[in-house]
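[1] Turn this into a structure:
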Amino acid sequence: MGRGSKSGWFLGLTLLAGCTFYQPEPLVSTPTWPKGLPRLQVDPKSLPFPELAAHPFDPRDGLDMTEVATLAVVNNPDLKLVRDDLGIARAQAFDAGLLPDPQFYYSPQIPETSTPGENVIAFDVGLNYDLSALVLHHARQATADAEARKADLALLWQEWQVVGQARLLFVRIRAEEGLRDTLQESRQIAVQLQRREEGALAQGNLTVTVLSVDATVLQGIERQISDTELVLSQNRMALNALLGLAPETVLNLVGEARVPILDAAAVRAQLPTLPQRRPDLRALAAGYDAQDQRLWQAILGQFPAINFGLLKARDNNGTNYHGYAVSTNLPIFNRNRGVIAIEKATRQRLHDEYQLRINTAQQEIAQLLSDLAQLEHTLRALDENLALQTQVARQSALALQAGTVDLSANALVQETRLVKLTEKITLEQAMQEERVALETLVGGEFPYKELK
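    Now for the predicted structure:
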């Protein structure tokens, strides 16, 4: 093998060494979720929020609200897709940073008729490069970097949304469990009363009308319990889906659903810094930067593109030539004006969307602060009434034992207390949900008040 052949083989192997080869990745047509709670080793450094990173994750003793949020960030299926989008954006940024390759061409010209010994094979060989790619390179790189930054911030915002949804479902499940227990207590009282009234009816000491009314009350309680069980099952299934678990997984949820109370005055004082803190607003700003760079690219594109190349040629008589070639387009009709108009209109749309999102965010936060203040006022009044009803119910129970109050009168007192307790559970659930929504909308760590 000659030296030229060896050099060719070496060059070919070198080029192949830098290539990426195709590897198939077949689709899986069956569910891939774990059968039970996965044994996850959570790295606190991988969690996007300090509150989650500072909380120990140990599912062996059950999952509290923060552990549920941690598991959601680590194992949520939708977040995996958003992370894939981030990988695509980073790959596009990498691609934008690469310069285009030069173009090599070779064109042999074989004569159809020739005189022996006089004509030879002519050829053109050259090396071209698009110089306009160098002009646009920085703008394309800046565009791709801004898009990657936007994808990174979009992932952070989506993670925060998943945390909020996990907390919201935890609040609802715990509230529905408390409501179910309260309704079951009401059912026990109603069942005891119905049995006593059935005995009184058998003895002729009670009318059918009274028994029918109380039986209807019992049926209503049974229906409420059934409805609560249905909603509880639906929310547990929704939580399993959010956590990337099989639908039949039964989670042991522990601890109270208590969301820290944000300091309303601090929230209002720091609203001007919201665009610098909330990931979705920062992502919109990054998207605007990317579009601004696209507009700049379009403006640069109105200037003539220049292609430069070196060439070598030989005609059929054996005469060799060498030189260079320069080509450019003539900006007479198009001048990239359509692309510039499109990119400018798109930038204006992103500008308006960013401003609208800021306005909407502040309006939503102001509304939540107002709603929470009203809910807290209503809850304080309800607590006072419930404390009175609890005291009356305790005295009625003692009077029942002493025989100074009959079962019907005591049942009425106890049911009044349980109705107020049900109102409190529902009201507290609404307030906790509002706090979760507020914490989600402020987009991160914020000053808290002490838990009440």
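[2] Show the average pLDDT along stretch 311-331.
    Mean pLDDT, stretch 311-331: 83.
[3] Can you list the neighbours in contact with it?
    109, 111, 114, 118-128, 302-310 (C-beta atoms under 8 Å, 6 or more residues apart in numbering). For glycine as for every other residue, the C-beta is placed from the backbone atoms N, C-alpha and C.
[4] buried subset of these?
    Buried by 16 or more other C-beta atoms under 10 Å: 122, 126, 128, 305, 307, 309, out of the contacts of stretch 311-331.
[5] which residue sits closest to the spatially most central residue of the chain, ignoring its sequence neighbours?
    Closest to where the C-alpha atoms of the chain average out (C-alpha atoms, centre = their mean) is residue 158, at 2.3 Å. When the adjacent residues along the chain are set aside, residue 158 lies closest to residue 82, with 4.9 Å between them (C-beta to C-beta, 6 or more residues apart in numbering).
[6] Who are the packing partners of the host helix or strand of that neighbour?
    Using DSSP states H and E, residue 82 sits in helix 77-96. Using 3 or more C-beta pairs under 8 Å, 6 or more residues apart in numbering; DSSP states H and E as the contact test, the elements touching helix 77-96 are helix 132-202.
[7] and whichever helix or strand comes after the helix it packs on, what does it pack onto?
    Later in the chain than helix 132-202, the nearest helix or strand by DSSP H and E is helix 208-242. When contacts are defined as 3+ C-beta pairs under 8 Å, 6+ apart, helix 208-242 packs onto helix 132-202.
[8] mind checking how far the helix it packs on is from the chain centre?
    12 Å (C-alpha atoms, centre = their mean, to the nearest Å).
[9] For it, which helices and strands make contact with it?
    helix 65-75, helix 77-96, helix 208-242, helix 279-300, helix 407-442.
[10] Give the rounded mean pLDDT of the shortest one.
    So the one you mean is helix 65-75. Mean predicted confidence for helix 65-75 is 90.
[11] list the helices and strands it packs on?
    Right, helix 65-75 is packed against helix 50-53, helix 132-202 by 3+ C-beta pairs under 8 Å, 6+ apart.
[12] okay, the angle between the longest one and helix 208-242?
    Relative orientation of helix 132-202 with respect to helix 208-242: 160 degrees, computed using axes from the mean of the first three to the mean of the last three C-alpha atoms, to 10 degrees.
[13] could you give the mean pLDDT of helix 132-202?
    For helix 132-202, the per-residue pLDDT averages 88.
[14] Where does pLDDT dip in the protein?
    1-18, 35-41, 44, 113-119, 197, 200-211, 213-214, 444-452 (pLDDT under 70).
[15] Please repeat the previous calculation with a cut-off of 50.
    Scanning the chain for pLDDT under 50 picks out 1-4, 447-452.
[16] Can you give me the domain boundaries for it?
    61-98+131-301+336-442, 102-130+305-330 (automatic domain parsing).
[17] Now do the helix holding residue 82 against helix 65-75: the angle between them, please.
    50 degrees.
[18] now the strands: where do they sit in the stretch 301-450 of the chain?
    In the stretch 301-450 of the chain, the strands defined using DSSP state E, counting those that start in this stretch lie at 306-314, 320-328.
[19] wait, which of these is closest to residue 163?
    strand 306-314 (52.2 Å; C-beta to C-beta).
[20] Mind listing the strands the closest one pairs with, and their directions?
    strand 122-130 (antiparallel), strand 320-328 (antiparallel) (DSSP bridges).
[21] Which of these sits closest to residue 384?
    Per C-beta to C-beta, nearest to residue 384 of the strands paired with strand 306-314: strand 122-130, 78.6 Å.
[22] what's next to the closest one, contact-wise?
    With C-beta under 8 Å, 6+ apart, strand 122-130 has contacts from 100, 102-109, 111, 305-316, 325.
[23] try 7 Å this time
    100, 102-109, 305, 307-316, 325 (C-beta atoms under 7 Å, 6 or more residues apart in numbering).
[24] Residue 278 contacts residue 439, correct?
    No. Counting by C-beta atoms under 7 Å, residue 278 sits too far from residue 439 to count as a contact (11.8 Å).
[25] Identify the residues contacting residue 279.
    153, 156-157, 160, 443 are the contacts of residue 279 under C-beta under 7 Å, 6+ apart.
[26] Most neighbours among these, which one?
    Of all these, residue 160 has the most neighbours under the rule other C-beta atoms under 10 Å, reaching 23 neighbours.
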